[in-house]
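pasted the sequence and its predicted model underneath.
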Amino acid sequence: MPWYPRENYLRKIREFYHATDLIKVITGVRRCGKSCLMQTIAEELKQSGIAAENICFLDLDNLDYSKITTADELEQVIKSLRTASGITYLFIDEIQNVSGFERVINAFCNTGEWSIFITGSNSYLLSGELMTKLTGRYLQFELFTLSFDEYEGMKKFYGKSIAPDRLEEMTNYILEGGFPRAVQLDTLSAKRRYAQSVVAEVFEKDIRRRLKIRNKSTFKTVQKYIVNNFGAATSLKSLQKALAGSGTPISEATIARYIKALLDAKILYECPRFDMKSKKSLSGEKKYYLADLSFYFAQNTDNRINYGPVLENLTYVYARAHDYEVSVGRIGRIECDFILRAPDLNYAYVQVAYTIALSKETEDREYRALEGIKDNYPKYVMTLDPLLQRRNGILHLNLADFMQKGLNF
């Protein structure tokens, strides 16, 4: 089966394809396409002239390898895979299934004969224990679900129809979500069921087993509240109060533990808030965005779209997928939706809204936060409006265009 090439990620990893001294760790929420990305890398290696016998896969969830649970067993299997001279390219999926795998991976990395790529449970791969054991020997590449440009690209790749109207296609993307496997399903109900199965799998494999959560119903209540209020400023105290008011008494410490579990499993992302006058991070209230909007629509039967948080979520995930650091900016009482910092340390400021065409009041509200920023970094208002304008040097962009072309600053 041909794999859709996710160029945004492949170009980040290509420079390290042949690096034998660095372990390539691919992270991301379950079913976002990590295994398929490794398959695409392997195909690129073959096309570049690497012999098939120098490319080896170990899927530790696969029936053939599922009984490998110890470091010694893993070591013996890996040794048996090397049948040719030169670099062996080793791809291991679900590496956390093997206790003590770090010692083995480190040992093979030291030989200079293996280029190693691994994926696995994010809650383990991001733990302090792994970072300690592989310090200086690995690079992390974070994979996200499909952005809008990838969603359209994958549909074309697999011969799926694309709505002729761009706003209609954006609406389809919002309601269906960006899981690669869901793109190949034909009905919205099937896509929703798939997203529900992903949430259940993440809870069972990445959260419950690792944290030993006993009160499943309370955890699900917290999860549902956070998911239903994505993009809203949230504090532990306000969340505790809201849950207690709905009949779920719970401590702030337990809420913090549950939120961390959702963050580690990549269901949620935490967006820090930044005071632009004091140049300091703000404690207290935080904003959380979803790894994929299907997590929201899969647990809510209402298909109405609240465009404010939805478009913020799309912008946040797209920016993170393209290596921008993202924070919420505050200037006095006014908040700027996002501050984006590029890898070269340049900044941009972004306001996101469905439209600014409805009234002068709406336009003023979206521009006001940006007009209060006195430095010379680029400033953008992003909407779904087809007709664009400029005001006081602030650029007005169509959000779909941004997701296809990105920013140059």
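Looks like it arrived, so ask away. Fair warning: this is a prediction, and the values are worked out from it, not measured in the lab.

show me where the stretch 51-200 of the chain dips below the pLDDT cut-off.
124, 126-131, 135-136 (pLDDT under 70).

go again with 90.
61-64, 66, 94, 96-97, 99-100, 102, 120-137, 166, 199-200 (pLDDT under 90).

packing partners for whichever strand or helix holds Gln240?
Secondary structure assigned from DSSP states H and E places Gln240 in helix 236-245. Helix 236-245 sits against helix 216-228, helix 252-264, with contacts defined as 3 or more CB pairs under 8 Å, 6 or more residues apart in numbering; DSSP states H and E. Any C-beta I mention is one placed from the backbone N, CA and C, and that applies to glycine too.

give the buried residues for it.
Counting neighbours by 16 or more other CB atoms under 10 Å, one finds that the buried residues in helix 236-245 are Leu236, Leu239, Gln240, Leu243.

can you pull the contacts of the closest residue to the third one other than its chain neighbours?
Put plainly, it is Gln240. Sequence neighbours aside, Glu252 is the residue nearest to Gln240 in space, at 5.3 Å (criterion: CB to CB, 6 or more residues apart in numbering). By CB atoms under 8 Å, 6 or more residues apart in numbering, the contact set of Glu252 is Leu236, Lys237, Gln240.

any idea which of these is closest to Arg214?
Sorting these by distance to Arg214 puts Gln240 at the head of the list, at 19.2 Å, by CB to CB.

right, and that closest one touches Thr254 too?
No. Counting by CB atoms under 8 Å, Gln240 stays clear of Thr254, with 9.1 Å between them.

returning to what we had before: need the helices and strands packed on helix 236-245 in CSV with distance to Lys286 and mean pLDDT, can you?
Formatted as CSV, the helices and strands packed on helix 236-245 follow (distance: least, CB to CB, whole Å; pLDDT from 0 to 100):
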stretch, distance to Lys286, mean pLDDT
helix 216-228, 11, 92
helix 252-264, 9, 93
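
mind putting these into TSV with distance to Lys405?
Compiled in TSV, the helices and strands packed on helix 236-245 are given as follows (distance: least, CB to CB, whole Å):
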stretch	distance to Lys405
helix 216-228	30
helix 252-264	30
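
the ones you listed: which one's closest to Asn97?
That would be, of the helices and strands packed on helix 236-245 and by CB to CB, helix 252-264, which comes in at 17.4 Å.

what mean pLDDT does the very next helix or strand once past the closest one get?
Scanning forward in sequence from helix 252-264 by DSSP H and E, the next helix or strand is strand 268-275. The average pLDDT within strand 268-275 is 88.

show me what the helix or strand following strand 268-275 is packed against.
Per DSSP H and E, the first helix or strand lying C-terminal to strand 268-275 is strand 280-290. Counting contacts by 3+ CB pairs under 8 Å, 6+ apart, strand 280-290 packs against strand 233-234, strand 268-275, helix 307-321, strand 325-331.

out of the ones you listed, the one nearest Asn408 is which?
Within the helices and strands packed on strand 280-290, the stretch nearest Asn408 is helix 307-321; the backing value is 13.8 Å (CB to CB).

so which bits of stretch 353-364 are buried?
Per 16+ other CB under 10 Å, stretch 353-364 contains these buried residues: Ala353, Tyr354, Ile356, Glu363.

which pLDDT value belongs to the first one?
At Ala353, the predicted lDDT confidence score is 96.

from what I see, it and Leu370 are in contact.
No. Using CB under 8 Å, Ala353 is not in contact with Leu370; the gap is 11.8 Å.

list residues touching both of these two?
In contact with both Ala353 and Leu370: Val381, using CB under 8 Å, 6+ apart.

let me know the outermost residue of this protein.
Ser85 (37.1 Å; CA atoms, centre = their mean).

next one: it from Glu113, what distance?
Noted for Ser85: a distance of 9 Å to Glu113, by CB to CB, to the nearest Å.

center of the chain, which residue is that?
Phe144 (3.4 Å).

is it correct that that one is in contact with Ile26?
No. Taking contacts as CB under 8 Å, Phe144 lies outside contact range of Ile26: 11.5 Å.

state the distance from Asn97 to Ile68.
On the measure of CB to CB, Asn97 and Ile68 end up 7 Å apart.

then Phe57?
Applying CB to CB, the value for Phe57 to Ile68 is 13 Å.

tell me which of the two has more neighbours.
Each of Phe57 and Ile68 has its neighbours counted (other CB atoms under 10 Å); Ile68 has more, 20 against 17.

what secondary structure does that one sit in?
Following DSSP: H, G, I helix; E, B strand; the rest coil, the label given to Ile68 is coil.

and for Arg14?
The three-state label given to Arg14 by three-state DSSP is helix.

so who does the closest residue to Ile356 other than its chain neighbours touch?
Excluding the flanking residues, the one nearest Ile356 by CB to CB, 6+ apart is Glu363, at 4.3 Å. Counting by CB under 8 Å, 6+ apart, Glu363 makes contact with Ile356, Ala357, Arg391.

same deal with Tyr138?
Leu22, Ile23, Lys24, Val25 are the contacts of Tyr138 under CB under 8 Å, 6+ apart.

CSV please, covering those residues and showing pLDDT, neighbour count and distance to Gln299.
Shown next, in CSV, are the contacts of Tyr138 (pLDDT from 0 to 100; neighbours: other CB atoms under 10 Å; distance: CB to CB, whole Å):
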residue, pLDDT, neighbour count, distance to Gln299
Leu22, 95, 15, 39
Ile23, 95, 25, 36
Lys24, 95, 20, 34
Val25, 93, 23, 30
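
return the subset of these lying in strands.
Among the contacts of Tyr138, DSSP state E puts Ile23, Lys24, Val25 in strands.

isn't the second one right up against Ile118?
Just to be clear, that refers to Lys24. Yes. Between Lys24 and Ile118 a contact is recorded at 7.2 Å, counting by CB under 8 Å.

how close does Lys205 get to Leu263?
Look at Lys205 and Leu263: by CB to CB, they are 16 Å apart.

pretty sure Glu363 sits in a strand.
No. Per three-state DSSP, Glu363 lies outside any strand segment and is helix.

nothing else from me, thank you.
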